[in-house]
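Trainee: The sequence and its predicted three-dimensional model are supplied below.
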Amino acid sequence: MITGNVAGDSEALAITSAHGDGRELSADAMRLYGACATRDIEQVEQITATNPGAQAELLAWGLITLEDQPGGVPGVRDPKHAVQRRVDDVLAAAEAQVALLRSLPDLTTQLTHHYEAVQLRVAGCASVYLDDQAAVNARLQDVVGGAKREILAAQPGGPRDQALLDKAMPRDSAALDRGVVLRTVYRDTVRDHGPTASYVSAMTNRGTGRSAQYRTLPGKFERMIIVDGETAVVPDYIVAESPPHAAWIITDPASVAVLSRAFDATWMRARPWMGQLRPRGGDARDTLGAYGPGSEGVRTTRRQREIMRNLCGGFSQASTARRIGVSERTMEKEVAGLKSLWGVSTMNELIFQYAQSPDCRVDDSAPAVGPAGAEYETTA
């Protein structure tokens, strides 16, 4: 904005800065502009001598020029053009600020995501999230290997890999030799798996010293490992789209205490096991092979086995339909197909035949692809 006129020593030129700093030209700069306009060399020299910054202000605004000016007096430029350039500058700056304001909500969302991720990992050092499988296994080995009093493990993944069992034997034996109590709950399907049975037999019949304790439980239960009542390792149920091997290392005393009680409840429901293989008969022809559709003797799909587990658990057809998310009509067709598969006509006969078949021992708790129990590489 320009106010006043330019006339000798009494001129008043006030130009509000549009350069983003919100300041007007100084009084000396406006006086200097007036002196340059009237070609008053004495006043130009006086103002410049007392306040060199006044000339710098006018140059920055584009109000004067020092090029090819006789007599050493700066030449003046049309203030309308100078102000218009400043207006253009401030409009551009304003547009940039508006764009920034519009981007702030999205920026806040992104920053909050990073902030909360850090809090999940380090808040009070109570929980640490790990999504790299090598990091999970390395941390787990450190936790289990450093046990002093007790290791509690709930492993619903099914039979153990032979290489993993060979690796675990000396570590778990060393823990037992230190006086560590080792209690493990496995999925019931391990009672048909030779390598796991041999491992458990050796660990429960060590002769001298402490022996490990094992139990098995049909159906689903939560995976966890708890060491010394101080540290727990559990799967991730928080981070969106986390990989299946992601885990939390928990050291919060209250959380670990609750998990320990949950483990004890699972332990009390499970049956003791000392490595005896389950007697095999009837059509159980696949029990030492890989569990899953396509194995010899297994005739059901993953969904059919889920239906049968619900029916065997005492749920009605209507309740089972709701639990797996299908209509009652669809459930009736599924059950009819299962009865036809075993050649029976009643629900009691169907449940009996399923309970005697290798299908009952298929482990569907692990992902549909990959070996059962591969999420955490430990047998403890």
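Mentor: Yes, it's here.
Trainee: so how far is Leu91 from Val98?
Mentor: 10 Å (C-beta to C-beta, to the nearest Å). C-betas here are computed from N, CA, C, even on glycine.
Trainee: same check, this time on Phe263
Mentor: From Phe263 over to Leu91 the distance is 67 Å, taken as C-beta to C-beta.
Trainee: out of the two, which sits in the more crowded spot?
Mentor: Neighbour tally, Phe263 and Leu91, criterion other C-beta atoms under 10 Å: the higher count belongs to Phe263, 21 against 11.
Trainee: check contacts around Asp28.
Mentor: Contacts of Asp28 were listed using C-beta atoms under 8 Å, 6 or more residues apart in numbering, and they are 47, 50-51, 53-54.
Trainee: I should have written Pro218 there, sorry.
Mentor: Neighbours of Pro218 in contact, by C-beta under 8 Å, 6+ apart: 187-188.
Trainee: let's see 7 Å
Mentor: Listed by C-beta atoms under 7 Å, 6 or more residues apart in numbering, the contact set of Pro218 reads Asp188.
Trainee: cool, and Pro243?
Mentor: Asp131.
Trainee: so which strand or helix has Leu152?
Mentor: Assigned by DSSP states H and E, Leu152 belongs to strand 150-155.
Trainee: and the closest residue to Trp342 other than its chain neighbours, what helix or strand is that in?
Mentor: Take Trp342 and drop its neighbours on the chain: the residue closest to it by C-beta to C-beta, 6 or more residues apart in numbering is Gln353, 4.3 Å away. Using DSSP H and E, Gln353 falls within helix 347-356.
Trainee: next one: Asp68
Mentor: Asp68 belongs to no helix or strand when assigned by DSSP H and E.
Trainee: Tyr199 contacts Ala163, correct?
Mentor: No. Between Tyr199 and Ala163 there is no contact under C-beta atoms under 7 Å: 11.7 Å.
Trainee: So which of those two has more stuff around it?
Mentor: It is Tyr199, of Tyr199 and Ala163, that has more neighbours when counted by other C-beta under 10 Å, with 24 against 10.
Trainee: Model confidence for that one, exactly?
Mentor: For Tyr199, the model assigns a pLDDT of 91.
Trainee: and it, which of the three is it?
Mentor: What DSSP: H, G, I helix; E, B strand; the rest coil gives for Tyr199 is helix.
Trainee: Distance-wise, check it relative to Leu338.
Mentor: From Tyr199 to Leu338 the distance is 35 Å (C-beta to C-beta).
Trainee: before we move on, what about Arg86?
Mentor: Arg86 is 83 Å from Leu338, by C-beta to C-beta.
Trainee: same question, Ala99
Mentor: 62 Å.
Trainee: Comparing those two, which shows the higher neighbour count?
Mentor: Counted by other C-beta under 10 Å, Ala99 and Leu338 do not tie: Leu338 has more neighbours, with 23 against 9.
Trainee: residue contacts, the more buried one?
Mentor: Applying C-beta under 7 Å, 6+ apart to Leu338 gives the contacts 304, 308, 350.
Trainee: ok, and the closest non-adjacent residue to the first one?
Mentor: Beyond its immediate neighbours in the sequence, the residue positioned closest to Gln304 (C-beta to C-beta, 6+ apart) is Leu338, lying 6.1 Å away.
Trainee: and the gap between Ala94 and Thr108?
Mentor: 22 Å.
Trainee: List the buried residues for the host helix or strand of Trp248?
Mentor: Trp248 is part of strand 247-250 when elements are defined by DSSP H and E. Neighbour-count burial for strand 247-250, with 16 or more other C-beta atoms under 10 Å as criterion, is recorded at 247-250.
Trainee: Ok, stretch 132-142 next?
Mentor: 133, 136-137, 139-141.
Trainee: Can you name the residues that contact Thr231?
Mentor: 143, 249, 251, 256 are the contacts of Thr231 under C-beta under 7 Å, 6+ apart.
Trainee: From Phe263, how far out is it?
Mentor: Distance, Thr231 to Phe263, by C-beta to C-beta: 13 Å.
Trainee: hmm, back to that, name the member of the contacts of Thr231 with the most neighbours.
Mentor: Using other C-beta under 10 Å as the neighbour criterion, Val143 leads those with 22 neighbours.
Trainee: next one: phi and psi at that residue?
Mentor: phi -60, psi -50 (degrees, to the nearest 10).
Trainee: Check what pLDDT it gets.
Mentor: Looking at Val143, the pLDDT reads 87.
Trainee: Distance check, it against Glu349.
Mentor: Distance check for Val143 against Glu349: by C-beta to C-beta, it reads 48 Å.
Trainee: With Pro358 instead?
Mentor: 18 Å.
Trainee: Between these two, which has more neighbouring residues?
Mentor: Set Pro358 next to Glu349 and count neighbours by other C-beta under 10 Å: Pro358 wins out with 22 against 13.
Trainee: In the stretch 101-250 of the chain, mark out all the strands, start to finish.
Mentor: In the stretch 101-250 of the chain, the segments counted as strands under DSSP state E, counting those that start in this stretch are 127-130, 150-155, 181-187, 213-217, 224-227, 231-235, 247-250.
Trainee: Pick the most buried one from those strands.
Mentor: strand 224-227 (a mean of 25; mean count of other C-beta atoms under 10 Å).
Trainee: Contacts for it, please.
Mentor: The contact list for strand 224-227 (C-beta under 7 Å, 6+ apart) reads 140, 143-144, 147, 151-154, 232-234, 256, 259-260, 263, 378, 380.
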